[in-house]
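Q: here's my sequence, what's the structure:
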Amino acid sequence: MVVPRGLGHAAARLRLRPSVEEVAVGDSVRVGPVTVTAVPALHLRWPLRPHALTVGFLIEGSSGIYFAGDTRFFPSMADLAGRVDVALLPVGRWGPHPGPDRLGPASAARAAIAVGASVAIPIHWGTFYPAGFWRIWPRPLREPAARFAAELAGTEPGIEVRVLEPGQATEIEARPRRD
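A: Numbers count the residues shown, from 1 in each chain. Take a look at the predicted model:
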């Protein structure tokens, strides 16, 4: 299990894997045929784990997969261009009010363009709807993925968007690497 530096102890307690590797931005770990590299992410720190780093991950093998993690948009995401085939980008929040430290549908579309993704998959939406939340937000937060797809279609129609409902899977054929 590869986790941001500062979360190794918490991850080890889960006992899901025989080993836990903590990483900081720039660190890489080889996992079978792929290399996992911690890349920058900009997000407020979690109060219960104030020493944990905020990172995204670039997983490189026959294709490059960018998992943004919890982050906001920042211009140096473009440093990943040429290495990213698939971008997994958070587009929603559990509450109705946007925060400045997280991607939303429009800023996630900007991120997909910045990293040069061929395929973008919106994540972090539609899965958390606390009991009683209907009183302040009357429906599960399912529209961020559709708004993300519409945003990309309007600004960069060459990026394929795959909206997966919670629990769905998709297959992506490895494409020749761009250099």
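Q: who's in contact with Ile59?
A: The contact partners of Ile59, by CB atoms under 8 Å, 6 or more residues apart in numbering, come to Val34, Thr35, Val36, Thr37, Ile65, Tyr66, Phe67. For the C-beta atoms, the positions are set from N, CA and C on the backbone; glycine is no exception.
Q: what secondary structure does it sit in?
A: Assigned state for Ile59: strand (three-state reduction, DSSP: H, G, I helix; E, B strand; the rest coil).
Q: so what pairs up with it in the strands?
A: Val36, Ile65 (DSSP bridges).
Q: quick one: it from Thr37, how far?
A: 8 Å (CB to CB, to the nearest Å).
Q: likewise for Ala169?
A: Look at Ala169 and Thr37: by CB to CB, they are 24 Å apart.
Q: neighbour count winner among the two?
A: Thr37 (21 against 5; other CB atoms under 10 Å).
Q: the more buried one contacts Val31, doesn't it?
A: No - judged on CB atoms under 8 Å, Thr37 makes no contact with Val31 at a distance of 11.0 Å.
Q: quick one: contacts of the helix or strand hosting Val29?
A: Assigning secondary structure by DSSP states H and E places Val29 in strand 28-31. Judged by CB under 8 Å, 6+ apart, the contacts made with strand 28-31 from elsewhere in the structure are Val2, Glu21, Val23, Thr35, Val36, Thr37, Ala38.
Q: closest to Leu88 out of those residues?
A: Val36 (13.4 Å; CB to CB).
Q: and the closest one, what is it in contact with?
A: Each residue near Val36 by CB under 8 Å, 6+ apart is listed here: Val2, Val23, Ser28, Val29, Arg30, Phe57, Leu58, Ile59.
Q: burial count for the first one?
A: Translated: Val2. Using other CB under 10 Å: Val2 sits among 21 other residues.
Q: isn't it up against Asp27?
A: No - with the criterion set as CB under 8 Å, Val2 and Asp27 do not qualify as a contacting pair; they are 9.1 Å apart.
Q: who touches both of the two?
A: With contacts taken as CB under 8 Å, 6+ apart, the residues that reach both Val2 and Asp27 are Ala38.
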